[in-house]
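[1] how does the following fold in three dimensions:
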Amino acid sequence: MEKNKYSFNTFYIFISAPNRIPPTEPLESQKEDDGEDQRGWWFSASDSTYCAQDYTDCVKGYQESLDVIKKAFEDQGPFDGVLGFSQGASMLSLICGLKEQMIENFQFDFAIFVAGFKSRQKPHTDLYNRIITIPSLHVFEMSEHLLQYFKDPKILQHKGGHFIPASGPQKNGYLEFLDNMISKKLEKT
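    Modelled structure (predicted):
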């Protein structure tokens with residue numbers, strides 16, 4: 001096992017989306033022990049559903065999510081980097097847009113997107129108008145569309161489904177990106 005060559009303390013903060021996704025089947029037909037507490041960052045329809053392919057004006061729950069994220073940054077930040085998965089990666093792209101346009105002062109140095117996609121909701125359109133310059137790693141099977149909004153994005157492709165890949169080849173891709181981010185941080189000090 002390789003010893004960590006850096007002497008940083010490593011810890012992770014996990015932020016859960018605040019918006020509960022309503023059950024798709026009646027409560028009486030759900031298993032008691034399913035333990036599911038599904039959440040989303042925003043909904044693309046007023047009935048509290050979300051479809052990544054929808055072009056809509058609805059962003060129900062987005063402001064509540066943004067408030068939760070701002071509070072996490074205020075209480076626990078700044079952060080070296082932020083990772084988002086699926087709709088969380090889409091939310092992270094919006095956070096990067098807010099940061100790039102200096103609308104919000106989120107303090108982090110890099111972003112990792114796993115299975116990320118561009119939000120198609122109209123109120124988010126302006127956040128993609130400027131190329132995002134924060135260093136970024138994009139991990140995807142098929143979601144290349146988000147790359148065009150980032151300057152010099154690093155790419156880690158994988159074969160598989162909708163998950164965070166962590167096997168040998170992918171692990172090296174993460175480590176290479178993170179080593180580069182740590183080196184940049186050390187150069188600043």
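[2] which regions of the protein sit below the pLDDT cut-off?
    The model of the chain has pLDDT under 70 over residues 1-10, 25-36, 142-143.
[3] show residues contacting the longest helix along it.
    Using DSSP state H to define each element, the chain has its longest helix at helix 168-188. Residues from elsewhere that reach helix 168-188 (Cβ atoms under 8 Å, 6 or more residues apart in numbering): 6, 8, 80-81, 109-110, 112, 135, 137, 139, 154, 156, 158, 166. All C-beta spots, glycine's among them, are computed from the backbone N, C-alpha and C.
[4] mind redoing it with 10 Å?
    Applying Cβ atoms under 10 Å, 6 or more residues apart in numbering, the contact partners of helix 168-188 are 2, 5-6, 8, 80-81, 83, 109-110, 112, 114, 135-137, 139, 154-158, 160, 164-166.
[5] out of those residues, which are buried?
    Applying 16 or more other Cβ atoms under 10 Å to the contacts of helix 168-188, the neighbour count classes 81, 83, 109-110, 112, 114, 135-137, 139, 154, 156, 158, 165 as buried.
[6] cross the residues you listed against strands and list the overlap.
    Among the buried ones among the contacts of helix 168-188, the ones falling in strands (DSSP state E) are 81, 83, 110, 112, 114, 136-137, 139, 154, 156.
[7] helices along this protein, start to end?
    62-76, 87-100, 168-188.
[8] one step back: quick check: angle from the longest helix of the chain to strand 110-114?
    170 degrees (axes from the mean of the first three to the mean of the last three Cα atoms, to 10 degrees).
[9] buried stuff in helix 168-188?
    Buried residues in helix 168-188 (16+ other Cβ under 10 Å): 170, 173-174, 177-178, 181-182.
[10] tell me, how many residues neighbour residue 84?
    Neighbourhood size, residue 84 [other Cβ atoms under 10 Å]: 22.
[11] got the contact list for the residue lying closest to it once chain neighbours are set aside?
    Among residues not flanking residue 84 along the chain, residue 92 sits closest, at 3.4 Å (Cβ to Cβ, 6 or more residues apart in numbering). Contacts for residue 92 (Cβ under 10 Å, 6+ apart) come out as 41, 69, 82-85, 106, 108, 111-114, 116, 136, 146.
[12] and for residue 95?
    Neighbours of residue 95 in contact, by Cβ under 10 Å, 6+ apart: 65-66, 69-70, 73, 82, 84, 104, 106, 108, 111, 127, 132, 134.
[13] I am finished for the moment; much appreciated.
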